[in-house]
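Trainee: here is my input; please provide its structure:
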Amino acid sequence: MLKIKIRNADSEDAERFVNCYLRAYRGLESYAFSSKRDVKSYFRWLMKRDAKGVYSADVMIKTQGFDWSELRGAGFVACDSNWFSKYEGKEVCEIHEIFVDPEWRGIGIGSMLMREAISYSVKMRRDVLELWVGERNYRAMKFYRKFGFSSREKNGCWIRMVKTLNVK
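Mentor: The predicted structure is shown next:
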């Protein structure tokens with residue numbers, strides 16, 4: 001039996017973030033950092049930008065002895081509510097990162113993380129949620145469209161996707 005818990009990430013998650021990130025981007029290296037050092041610096045940058053918008057997915061597994069064991073850091077999302085979008089001409093929530101460890105894909109972790117990012121954006125009273133996705137990352141684009149994102153600008157190998165939020 002599995003339970004998935006979404007929680008705010010903290011500095012203790014740095015190593016888990018690095019390892020999960022490197023596994024998640026296998027095959028998509030042209031869109032990602034490749035060294036552990038760079039990914040760790042990236043994590044620190046994300047936490048500095050908006051620590052309250054960085055979330056970790058933890059998987060709780062019920063073992064044969066009926067005890068729960070916890071795997072922390074099966075996926076992450078980093079949603080920055082302090083981002084100024086030159087395309088929108090205002091502050092928006094920017095999803096800098098969302099990924100799930102390949103071992104844990106297909107059980108809803110990515111969807112839970114996306115819902116958390118959307119909820120955080122609304123809580124921060126941002127009516128636009130945007131992200132950039134690699135032009136050949138078709139699986140990710142399909143996932144984002146499922147949540148109401150639409151493609152907008154293209155810049156090099158990146159496509160900007162946007163979701164308008166109902167904030168009152």
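
Trainee: would you mind writing the CA trace of stretch 72-90 as PDB?
Mentor: Listed in PDB are the C-alpha atoms of stretch 72-90, where the atom choice follows Å, rounded to 0.1, in the frame of the first residue of the first chain:
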ATOM      1  CA  ARG A  72      11.500  11.300   0.800                       C
ATOM      2  CA  GLY A  73      12.000  13.200  -2.500                       C
ATOM      3  CA  ALA A  74      10.300  11.100  -5.100                       C
ATOM      4  CA  GLY A  75       9.500  14.300  -7.000                       C
ATOM      5  CA  PHE A  76       9.700  18.100  -6.700                       C
ATOM      6  CA  VAL A  77       8.100  21.200  -8.000                       C
ATOM      7  CA  ALA A  78       9.500  24.700  -7.600                       C
ATOM      8  CA  CYS A  79       7.000  27.500  -8.100                       C
ATOM      9  CA  ASP A  80       8.300  31.100  -7.800                       C
ATOM     10  CA  SER A  81       5.700  33.700  -6.900                       C
ATOM     11  CA  ASN A  82       8.200  36.500  -7.200                       C
ATOM     12  CA  TRP A  83       8.900  36.100 -10.900                       C
ATOM     13  CA  PHE A  84       8.500  39.100 -13.200                       C
ATOM     14  CA  SER A  85       7.400  37.900 -16.600                       C
ATOM     15  CA  LYS A  86       8.500  40.200 -19.400                       C
ATOM     16  CA  TYR A  87       5.900  38.600 -21.600                       C
ATOM     17  CA  GLU A  88       3.000  39.300 -19.200                       C
ATOM     18  CA  GLY A  89       4.500  42.600 -18.000                       C
ATOM     19  CA  LYS A  90       3.800  41.700 -14.300                       C
END
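
Trainee: off-centre distance for the lengthiest strand in the chain?
Mentor: The strand that spans the most residues within the chain, counting by DSSP state E, is strand 68-85. Distance, stretch centre to chain centre, for strand 68-85: 5 Å (CA atoms, centre = their mean, to the nearest Å).

Trainee: what's the average pLDDT for that strand?
Mentor: Model confidence over strand 68-85, given as mean pLDDT, is 91.

Trainee: if you count neighbours, what's buried in it?
Mentor: By 16 or more other CB atoms under 10 Å, the buried positions in strand 68-85 come out as 71-81, 83, 85. Quick note: C-beta positions are derived from backbone N, CA and C, even for glycine.

Trainee: nothing else from me, thank you.
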